[in-house]
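Enquirer: pasting the sequence and the predicted model now:
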Amino acid sequence: MGALRFSLNPDIRKHVGYAAWFCDPRMTDVTHVGDELVVEFDGDDEANIRRKMERLIARFASLDVFESRIMFQSATPLMNMDQHGDVYQTLLARKEVIELGRGQVAIRGLPYELLEFFDASFVQAVAVPAQARSEYYPGVMEAHRLDRTNHFSSFPEHVHFVMHLREDLDVLDQFSEELKASGGWSPSLLAKLGTPLAPAHIAVNPAVCYHCYASLENTALDTAGFAVTARSRCHRYEGGNHRGMVRLLDFSMREVIFVGAPDFVRSARQAAVDRIAALVNLWGLHAWLETANDPFFANDFAVKATMQRKNDMKHELCMPLPGGGKVAVSSSNFHSTTFGKAFGISRNARPACTGCVGFGLERWTYAVLCQIGLNIDKWPASLRSAFQRWQERQPLG
Ligand SMILES: [Zn+2]
């Protein structure tokens with residue numbers, strides 16, 4: 001076992017600390033100690049791991065402007081979250097959140113109801129005024145379509161392919177026999193069978209709106225634009241970064257998606273953000289909206305991230321976490337003509353623009369419970385009464 005230390009400025013350290021988990025499979029821990037990033041690993045191949053880490057640091061260090069601008073700050077001041085204790089541990093103890101695997105949870109009781117209440121509220125307060133139509137999408141996506149969104153090249157570390165055993169009687173019988181002989185499943189079982197898996201054609205869905213654009217392939221719009229809303233399971237592999245309900249591997253996302261002329265998409269996106277800000281104030285929550293960039297992993301990180309920041313393409317609604325951290329619970333994105341071009345969606349013979357606002361429902365639930373605690377009687381009055389009105393309308397009680 002070995003350890004390496006890198007002295008880095010805080011913004012670069014944050015990005016490198018996240019990405020370090022994808023540097024080498026022998027990585028066992030990544031921690032921030034003072035202004036140093038400490039990576040620990042199994043084995044003694046320090047030179048190789050140092051070389052990879054330095055490559056990674058060079059990639060992120062080339063971004064010069066990292067400061068986020070605050071676009072909106074809610075009226076409610078930062079509350080003392082320590083008074084609510086460790087909300088995640090309490091939810092685990094109450095068995096209202098059950099960890100089922102790395103980044104996978106079952107949710108029941110109060111956090112489940114709050115998650116559904118938030119979703120219903122976002123539909124009512126953001127999707128309905130945008131006259132969004134409601135759509136349904138699968139939880140997986142054809143790999144050739146996902147490739148056209150540039151997801152593979154921008155976020156190769158997040159990709160999770162869906163594989164199946166080859167359609168071959170020999171392979172299927174060998175699999176069953178090996179399973180019986182080994183006394184059940186183990187990750188090494190497939191390796192005993194040579195090449196039992198068929199080529200990957202499908203990946204799990206990383207975002208809701210890609211399906212919307214794919215479903216509009218080769219469409220010409222005859223209006224200024226329109227809005228769509230959908231909720232899907234989304235899925236991102238984040239290695240050692242998975243944490244409680246803040247960074248799940250499989251999570252629920254509500255999106256409101258805008259397709260059309262640039263002015264239509266920009267103004268619809270702004271109206272949606274204004275409505276989210278109004279909800280946050282109405283519910284008495286502490287949150288702020290800041291400029292952001294996606295955590296691109298590819299070696300053109302600096303170019304892509306700088307373009308997003310300079311053109312106000314990504315804003316994130318953040319909430320504080322106990323211990324001084326923060327979590328982005330919603331994002332607002334302007335993609336310009338990227339997806340219009342990728343999927344042949346046009347308007348007046350030009351590629352259409354797209355944008356979306358997304359709500360990470362598990363993150364909303366957890367971040368809000370950290371702020372207001374688990375005792376409903378002590379919640380801000382407007383949030384409590386809206387939640388209780390929603391509860392009364394639920395047929396399963
Ligand atoms: Zn989206």
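Expert: Cool, the structure landed.

Enquirer: got the residues of this structure near the ion?
Expert: When proximity is defined by Cβ under 5 Å from the ion, the chain lies next to the ion at A207, C209, C356. Placement of C-beta: from N, CA and C, glycine included.

Enquirer: neighbour-wise, give me the winner out of these.
Expert: Among the residues of the chain next to the ion, the one with the most neighbours (other Cβ atoms under 10 Å) is C356, at 28 neighbours.

Enquirer: who's in contact with that residue?
Expert: Contact analysis of C356 by Cβ atoms under 8 Å, 6 or more residues apart in numbering lists V208, C209, E255, V256, I257, F258, R269, S332, N333, H335.

Enquirer: F297 now?
Expert: F297 touches A19, F22, S154, F155, P156, E157, H158, counting by Cβ under 8 Å, 6+ apart.

Enquirer: for whichever helix in the chain runs longest, give the mean pLDDT please.
Expert: With secondary structure taken from DSSP state H, the chain has its longest helix at helix 262-282. Looking at helix 262-282 alone, the average pLDDT works out to 97.

Enquirer: helices or strands up against it?
Expert: If contacts are counted by 3 or more Cβ pairs under 8 Å, 6 or more residues apart in numbering; DSSP states H and E, helix 262-282 sits against helix 109-122, strand 225-235, strand 250-260, strand 314-320, strand 326-336, strand 353-360.

Enquirer: do you know how far the residue of the stretch 101-250 of the chain found nearest the ion is from A227?
Expert: Residue of the stretch 101-250 of the chain nearest the ion, by Cβ to the ion: C209 (3.2 Å). According to Cβ to Cβ, to the nearest Å, C209 and A227 sit 11 Å apart.

Enquirer: which residues do the two both contact?
Expert: Jointly contacting C209 and A227 under the rule Cβ under 8 Å, 6+ apart are I257.

Enquirer: still on that earlier bit, of all the contacts of C356, which comes closest to the ion?
Expert: Closest to the ion out of these is C209 (3.2 Å), distances taken as Cβ to the ion.

Enquirer: in contact with the nearest residue to A130 once chain neighbours are set aside, which residues?
Expert: With sequence-adjacent residues excluded and distances taken as Cβ to Cβ, 6 or more residues apart in numbering, A130 is closest to A227, at 4.1 Å. Remark: with contacts taken as Cβ under 8 Å, 6+ apart, A227 is in contact with A127, A130, Q131, A132, R133, V256, I257, F258, V259, A268.

Enquirer: now those: which count as buried?
Expert: Among the contacts of A227, those that count as buried by neighbour count (16 or more other Cβ atoms under 10 Å) are A127, A130, A132, V256, I257, F258, V259, A268.

Enquirer: among those, which two are most distant?
Expert: In those, two members sit farther apart than any others by Cβ to Cβ. They are A127 and V259, at 14.2 Å.

Enquirer: name the helix or strand for R363, please.
Expert: Per DSSP states H and E, R363 falls inside helix 361-372.

Enquirer: with D170 instead?
Expert: Under the assignment given by DSSP H and E, the secondary-structure element containing D170 is helix 169-182.

Enquirer: now that helix, how far from the chain's geometric center?
Expert: When distances are taken as Cα atoms, centre = their mean, to the nearest Å, helix 169-182 is centred 37 Å away from the chain's centroid.

Enquirer: buried residues in that helix?
Expert: Buried residues in helix 169-182, counting neighbours by 16+ other Cβ under 10 Å, are found at V171, Q174, F175.

Enquirer: what element comes up after it heading to the C-terminus?
Expert: Under the assignment DSSP H and E, the closest C-terminal helix or strand after helix 169-182 is strand 202-204.

Enquirer: what is that next one packed up against?
Expert: Using 3+ Cβ pairs under 8 Å, 6+ apart as the contact definition, the elements that strand 202-204 packs against are strand 140-142, helix 143-148, strand 161-162.

Enquirer: related to what we said a few turns ago, right, and the helices and strands packed on helix 262-282 - which one's nearest R166?
Expert: strand 225-235 (23.7 Å).

Enquirer: and that closest one, what's buried?
Expert: Neighbour-count burial for strand 225-235 flags G225, F226, A227, V228, T229, A230, R231, S232, C234, H235 (criterion: 16+ other Cβ under 10 Å).

Enquirer: of those, closest to R5?
Expert: Distances from R5 to those, taken by Cβ to Cβ, are shortest for H235, at 33.4 Å.

Enquirer: and the gap between the closest one and H158?
Expert: 9 Å.

Enquirer: so what would you say the end-to-end distance of stretch 184-192 is?
Expert: Using Cα to Cα, to the nearest Å, the end-to-end distance of stretch 184-192 comes to 14 Å.

Enquirer: quick one: it to chain centroid distance?
Expert: Computed by Cα atoms, centre = their mean, the chain-centroid distance of stretch 184-192 equals 30 Å.

Enquirer: over to stretch 310-330?
Expert: That offset, for stretch 310-330, works out to 12 Å (Cα atoms, centre = their mean).

Enquirer: may I have it as PDB, with CA atoms only?
Expert: This file holds the C-alpha atoms of stretch 310-330, laid out as PDB (Å, rounded to 0.1, in the frame of the first residue of the first chain):
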ATOM      1  CA  LYS A 310     -18.300  32.100 -20.400                       C
ATOM      2  CA  ASN A 311     -21.600  31.500 -22.200                       C
ATOM      3  CA  ASP A 312     -23.700  31.000 -19.100                       C
ATOM      4  CA  MET A 313     -24.600  27.500 -20.400                       C
ATOM      5  CA  LYS A 314     -24.900  25.800 -17.100                       C
ATOM      6  CA  HIS A 315     -26.200  27.100 -13.800                       C
ATOM      7  CA  GLU A 316     -26.600  24.900 -10.700                       C
ATOM      8  CA  LEU A 317     -29.000  25.400  -7.700                       C
ATOM      9  CA  CYS A 318     -26.900  24.500  -4.700                       C
ATOM     10  CA  MET A 319     -27.900  23.700  -1.100                       C
ATOM     11  CA  PRO A 320     -25.500  23.500   1.900                       C
ATOM     12  CA  LEU A 321     -24.600  20.200   3.400                       C
ATOM     13  CA  PRO A 322     -23.700  19.500   7.000                       C
ATOM     14  CA  GLY A 323     -19.900  20.000   7.500                       C
ATOM     15  CA  GLY A 324     -19.600  22.900   5.100                       C
ATOM     16  CA  GLY A 325     -20.100  21.200   1.700                       C
ATOM     17  CA  LYS A 326     -22.700  21.800  -0.900                       C
ATOM     18  CA  VAL A 327     -24.700  19.800  -3.300                       C
ATOM     19  CA  ALA A 328     -26.300  20.800  -6.700                       C
ATOM     20  CA  VAL A 329     -30.000  19.800  -6.500                       C
ATOM     21  CA  SER A 330     -31.000  21.300  -9.800                       C
END
